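> Pasting a predicted model and its sequence here:
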Amino acid sequence: HTLSLSLQLLLCAGTPYMFGLFNDKIKAKLSLDETAAMLVDTSTQVGLYCGIFQGIFYDRYGVRAACYLASTLVAVGYLGAFFLTARTSSTTAAPLALCFFLIGQASHGLYTVGVMTNVPNYSPKEQGWVTGALAACFGLSAAVFSQVEKALDPAVSTSDTGPPPNASLAPTTTTTTT
């Protein structure tokens, strides 16, 4: 049944909502300032919320082609981001912003596939809960994968009360008084 597969698909498709979890790592690795990091995050959100192209593509070419397109965008976006962040030198934010825009487009495409493939299969009385269940899985994606990140990366805080013990909330500049 397509609903169970789409619930699983959307549980994996909402990962752009995790950007805050690895924002600091990206800034440190690539020597990006806050403005550059926000460009990357904004590009992700623009890709995610401006999905009209994904909808048009779905309407014109169908579910299979739309799923292939979204899967390709996922691969290109995440692999591109991986290779850019695997570099040891600093870089501009533009290439990374493009990768994260593609990730946002991919997520929207997967959401379109998941919702549009299932909602028409149900009566109008059932379409509300189907849409709600699909949207919930999309939204829960970040919660699920942030737990995976915590399990795989010991640098991620396991404390619910604040930052890791070696993190500093103090400003990076210091002043001296006489």
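Now that the structure is in, tell me what you want to look at. Numbering: from 1, shown residues only.
> which strands and helices sit next to the worst-scoring helix or strand of the chain on mean pLDDT?
Lowest by mean pLDDT, DSSP states H and E among the helices and strands of the chain is helix 19-30, with a mean of 83. Packing partners of helix 19-30 (3 or more CB pairs under 8 Å, 6 or more residues apart in numbering; DSSP states H and E): helix 34-49, helix 52-86, helix 93-118, helix 127-152. (Each C-beta comes from the backbone N, C-alpha and C, glycine too.)
> Please enumerate residues in contact with it?
Defining contact as CB atoms under 8 Å, 6 or more residues apart in numbering, one finds that helix 19-30 is touched by 32-34, 36-37, 40-41, 44, 84-85, 87, 90-91, 93, 96, 100, 142, 146, 149, 156.
> Please, a PyMOL command that selects the buried ones among these?
The buried residues among the contacts of helix 19-30 can be selected in PyMOL (16 or more other CB atoms under 10 Å) with this line:
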select buried, resi 32+36+37+40+41+44+84+85+93+96+100+142+146
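> For Leu73, see how far away Asp24 is.
From Asp24 over to Leu73 the distance is 25 Å, taken as CB to CB, to the nearest Å.
> So for these two, which residue has more residues nearby?
Set Asp24 next to Leu73 and count neighbours by other CB atoms under 10 Å: Leu73 wins out with 22 against 13.
> sorry, back to before: by how many degrees do the least confident helix or strand of the chain and helix 52-86 diverge?
With axes from the mean of the first three to the mean of the last three CA atoms, to 10 degrees defining the directions, helix 19-30 sits at 40 degrees from helix 52-86.
> Could I get the buried residue list for helix 19-30?
Buried-residue list, helix 19-30, by 16+ other CB under 10 Å: Phe19, Leu21, Phe22, Asn23, Ile26, Lys27, Lys29, Leu30.
> could you dump the residues you listed to CSV with distance to Thr112?
Output for the buried residues of helix 19-30, formatted as CSV (distance: CB to CB, whole Å):
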residue, distance to Thr112
Phe19, 21
Leu21, 25
Phe22, 25
Asn23, 26
Ile26, 27
Lys27, 31
Lys29, 32
Leu30, 31
